[in-house]
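Student: Next comes the sequence, and after it the predicted model I'd like to discuss.
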Amino acid sequence: GESVGLHLPTLSVQEGDNSIINCAYSNSASDYFIWYKQESGKGPQFIIDIRSNMDKRQGQRVTVLLNKTVKHLSLQIAATQPGDSAVYFCAENPTGRRALTFGSGTRLQVQP
Amino acid sequence: DGGITQSPKYLFRKEGQNVTLSCEQNLNHDAMYWYRQDPGQGLRLIYYSQIVNDFQKGDIAEGYSVSREKKESFPLTVTSAQKNPTAFYLCASSIATPSYEQYFGPGTRLTVT
């Protein structure tokens, strides 16, 4: 079936470095993608989203890149801070589906 | 203070009992969702509702039931038919479906023994 997956289950970075979290999606008809951050025991928090008619979108310290040719989504976090430590999920909205499909998540660990 | 509330945060039940999880939103959103999250895994869709008095099954609806009698409320009942009910349950809402940001509540951790 259609799925959203991640390349790396755990990513460890030094404080101040840039982080890149990757996500592969399989449904080429998906028209909307979103990244969430989830801290332990809490609900996911919105980070940034992007629609399929865009390749790149920037927020505060975060950038999402969408490569539709290879069906790849990435989240870049600049100057990673200890507070960025969490699990990050990508999600897509396949055309015809009335809800998001979530990937399994990547844990980001920021070393001081 | 707008948002989504879920109660209680922790819930314990004996096997064979039905249990209802509460979800309320004051964001005036039309769409609401229930997800299940197991340790170290992503979110799986149980049910969703695009509008009052309407709801649709998600990917893992068996053993669960919902109602949407009010725009603000979308309670989830975990029935005794659900084989593995112990999990973290998350409620979310969005302005509409499908391609809009979903706002999540803090979650309810259900433990069934």
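Tutor: Received it, and whenever you're ready, just let me know what you need. Remember, predicted model here, so these are calculated numbers, not experimental data. Numbers count the residues shown, from 1 in each chain, chains lettered A, B, ... in the order given.

Student: And the pLDDT for residue A:7?
Tutor: Looking at residue A:7, its pLDDT stands at 44.

Student: now do residue B:57
Tutor: 95.

Student: residue contacts, it?
Tutor: When contacts are counted by Cβ atoms under 8 Å, 6 or more residues apart in numbering or on different chains, residue B:57 touches residue B:47. Where C-beta positions appear, they are placed from N, C-alpha and C, glycine not excepted.

Student: Check residue A:38 too.
Tutor: The contact partners of residue A:38, by Cβ under 8 Å, 6+ apart, come to A:44, A:45, A:86, A:87, A:88, A:89, A:105.

Student: One more: residue B:50?
Tutor: Residues counted as contacts of residue B:50 (Cβ under 8 Å, 6+ apart) are A:98, B:30, B:31, B:56, B:96, B:97.

Student: repeat that for 10 Å
Tutor: A:98, A:99, B:30, B:31, B:32, B:33, B:56, B:68, B:94, B:96, B:97, B:98 (Cβ atoms under 10 Å, 6 or more residues apart in numbering or on different chains).

Student: before we move on, what about residue B:40?
Tutor: Shown in contact with residue B:40 (Cβ under 10 Å, 6+ apart): A:9, A:87, A:104, A:105, A:107.

Student: Now do the SS call for the last one.
Tutor: When classified by DSSP: H, G, I helix; E, B strand; the rest coil, residue A:107 comes out as strand.

Student: Now residue B:37: closest residue in space, sequence neighbours ignored.
Tutor: Excluding the flanking residues, the one nearest residue B:37 by Cβ to Cβ, 6 or more residues apart in numbering or on different chains is residue B:88, at 4.5 Å.

Student: Count residues in the vicinity of that neighbour, would you?
Tutor: Residue B:88 sits with 18 neighbouring residues when counted by other Cβ atoms under 10 Å in any protein chain shown.

Student: same deal with the one 5 residues further on?
Tutor: Using other Cβ under 10 Å, residue B:93 has 28 other residues around it.

Student: which SSE is it in?
Tutor: When elements are assigned from DSSP states H and E, residue B:93 belongs to strand B:87-94.

Student: what's downstream of that strand, the next helix or strand?
Tutor: Downstream of strand B:87-94, the first helix or strand assigned by DSSP H and E is strand B:103-104.

Student: Pull the residues that contact that next one.
Tutor: By Cβ under 10 Å, 6+ apart, the residues outside strand B:103-104 that reach it are A:36, A:38, A:42-46, B:2-4, B:6, B:25, B:27, B:29, B:33, B:35, B:43, B:90-95.

Student: and residue 27, helix, strand or coil?
Tutor: You didn't pick a chain, so chain A it is. Local secondary structure at residue A:27 is given as coil here, using three-state DSSP.

Student: backbone phi and psi for it, please?
Tutor: With angles defined as degrees, to the nearest 10, residue A:27 sits at phi -100, psi 100.

Student: right, and it touches residue A:100 too?
Tutor: No. Counting by Cβ atoms under 10 Å, residue A:27 stays clear of residue A:100, with 11.7 Å between them.

Student: partners of residue B:48 in the sheet?
Tutor: Beta-bridge pairing of residue B:48 under DSSP bridges involves residue B:33, residue B:56.

Student: give me the number of residues near it?
Tutor: 28.

Student: need the contact list for it.
Tutor: Residues in contact with residue B:48 (Cβ under 10 Å, 6+ apart) are A:98-100, B:31-35, B:54-58, B:61, B:66, B:68, B:74, B:92-94, B:97-98, B:102.
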